[in-house]
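next input, structure requested:
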Amino acid sequence: MFNWLSLVTGLFYIILGIVIIVYKFFFTVLEPTVAYPLGGLVMLYGFFRIWRAVSKIKNKGDNE
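Residues are numbered from 1 along each chain as shown. Sure thing, here's the model as predicted:
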């Protein structure tokens, strides 16, 4: 169950990164020089969470 929740959380992080880049807002108005790297970093973390969850799901399937 935790792996599936991690997939959903990763998707939300990717969406949050896109929102930060498009609206340049994260609890306060951001300058573009801050919004782009922050949004990219948040999206990168979302991809990492999805990759980690998928690899754990695959490893769990191999063990059964």
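
neighbours around Trp4, how many?
Counted with other C-beta atoms under 10 Å, residues neighbouring Trp4 total 10. Using the backbone N, CA and C atoms, a C-beta is placed for each residue, glycine as well.

now the host helix or strand of it: buried residues?
Taking DSSP states H and E as the definition, Trp4 sits inside helix 2-23. Buried residues in helix 2-23, counted by 16 or more other C-beta atoms under 10 Å: 6-7, 10, 13-14, 16-17, 20-21.

what helix or strand does the residue nearest to Thr9 when sequence neighbours are not counted sit in?
Distances taken as C-beta to C-beta, 6 or more residues apart in numbering place Arg49 nearest to Thr9, at 5.9 Å, with adjacent residues excluded. Assigned by DSSP H and E, Arg49 belongs to helix 32-63.

next up, the contacts around Leu44.
Gly17 (C-beta atoms under 8 Å, 6 or more residues apart in numbering).

repeat that for 10 Å
Neighbouring residues of Leu44 by C-beta atoms under 10 Å, 6 or more residues apart in numbering: 13-14, 17.

what's the answer for Ile21, then?
Contact partners of Ile21, counting by C-beta under 10 Å, 6+ apart, are 30, 32, 35-40, 42-43.

out of those, which is most surrounded?
For those, the largest number of neighbours (other C-beta under 10 Å) sits with Gly39, at 22 neighbours.

so that residue touches Thr33, yeah?
No: in this structure, Gly39 is not within contact of Thr33 by C-beta atoms under 10 Å, at 11.7 Å.
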